[in-house]
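> model this:
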Amino acid sequence: MSVLVFSDAQTAAAAAATLLGGQLIEKPSLTLGVDVDRALIPAFQSLRAMTANGLLSWGKATLFQLSERVLEEGREPLRAYMQESLYGELSLSEEKVVAPAGVSVNWADSCRAFEDSILEAGGLDVVLLTVEPDGAVLYNSADGEIAPTTHVELYKGDKIVTAGLATLMAAKKLIVLMTGKDMAETARQAIQGAVNTSVPASLLQLHAAATFLLDEEAASLLG
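Residues are numbered from 1 along each chain as shown. The predicted structure is shown next:
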């Protein structure tokens with residue numbers, strides 16, 4: 001585990017994108033897992049800019065969107081949001097973006113199918129993610145039972161199909177972006193606190209190749 005602190009949120013996000021970009025350049029067939037969270041928009045913007053400038057090529061990469069909304073009438077899939085925020089600018093072919101099913105007659109089977117697709121791709125090389133202020137990771141609730149693999153989670157009233165903590169921890173590298181004053185206590189617990197399932201983010205410190213990128217506000221309570 002390593003911790004990098006930057007002067008502001010935009011610089012931290014650009015650094016996260018640069019770190020990820022370096023992984024892609026090193027391995028063009030990169031298997032990337034990505035969190036769906038508005039806090040990652042600045043990092044997505046940096047990735048889009050680097051791609052538009054010809055610095056990154058995604059033609060051989062596979063992207064796993066690690067969460068999807070259980071689709072009900074009138075609800076937009078998270079994939080549509082991610083298409084607008086990230087995928088549309090990366091020239092990724094449809095089959096190169098894999099997400100959990102948002103509709104299923106058998107959730108156990110569909111969740112298992114998503115896990116199998118990750119395994120068939122050789123596992124996740126790197127995951128870009130953030131942490132919620134309550135310590136949740138990939139919608140895995142801080143006040144719920146920690147599920148190891150892909151499952152349906154009720155998070156703040158929203159039903160989400162999401163990868164579990166074991167799925168995440170099996171990735172070769174984690175890039176964790178945490179910015180803002182409201183993340184200071186969460187960052188302290190995630191990075192320096194006791195490992196506790198009531199704070200799912202604290203489990204990330206057990207990953208040997210996790211890199212936490214924080215701005216000064218988020219890092220303000222670190223010892």
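
> Give me the number of neighbouring residues for the closest residue in space to residue 96 that isn't next to it in sequence.
Counting by C-beta to C-beta, 6 or more residues apart in numbering, residue 96 lies nearest to residue 62, which is 5.3 Å off, once chain neighbours are set aside. No exception for glycine: its C-beta is placed from N, CA and C like everyone else's. Counted with other C-beta atoms under 10 Å, the neighbours of residue 62 add up to 22.

> separation between residue 62 and residue 199?
Relative to residue 199, residue 62 is positioned 31 Å away (C-beta to C-beta, to the nearest Å).

> beta partners of the residue nearest to residue 96?
Counting by DSSP bridges, residue 62 forms beta bridges with residue 31.

> was I right about it contacting residue 94?
No. Using C-beta atoms under 8 Å, residue 62 makes no contact with residue 94, being 11.9 Å away.

> Next, the contact list for residue 160, please.
Contact analysis of residue 160 by C-beta atoms under 8 Å, 6 or more residues apart in numbering lists 67-70, 139, 152-154.

> ok so it is a strand residue?
Yes. Counting by DSSP: H, G, I helix; E, B strand; the rest coil, residue 160 is part of a strand.

> if you skip the residues just before and after it, what's nearest to it?
Once flanking residues are discounted, residue 160 sits nearest to residue 139: 4.4 Å by C-beta to C-beta, 6+ apart.

> hang on, isn't that neighbour packed against residue 67?
Yes. Between residue 139 and residue 67 there is a contact at 5.5 Å, judged by C-beta under 8 Å.

> which neighbours do those two share?
160, 162.

> what's stretch 13-28 in contact with?
4, 6, 30, 32, 40, 42-47, 50, 55-61, 125-126, 128, 173, 175, 177, 179, 211, 213.

> Quick check: buried residues in it?
Buried residues in stretch 13-28, defined by neighbour count with 16 or more other C-beta atoms under 10 Å: 13-21, 23-24.

> Ok, stretch 125-138 next?
Buried residues in stretch 125-138, counted by 16+ other C-beta under 10 Å: 125-132, 135-138.

> so which of those residues comes closest to residue 183?
Set against residue 183, the nearest of the buried residues of stretch 125-138 by C-beta to C-beta is residue 131 (7.2 Å).

> State the phi and psi torsions of that closest one.
Per-residue torsions, residue 131: phi -130, psi 140 (degrees, to the nearest 10).

> Need the per-residue pLDDT for it.
Turning to residue 131, the model gives it a pLDDT of 97.

> for residue 144, same thing?
68.

> quick revisit: okay if I get the buried residues of stretch 13-28 as CSV plus distance to residue 163?
Formatted as CSV, those follow (distance: C-beta to C-beta, whole Å):
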residue, distance to residue 163
13, 22
14, 26
15, 24
16, 19
17, 21
18, 24
19, 21
20, 18
21, 23
23, 19
24, 20
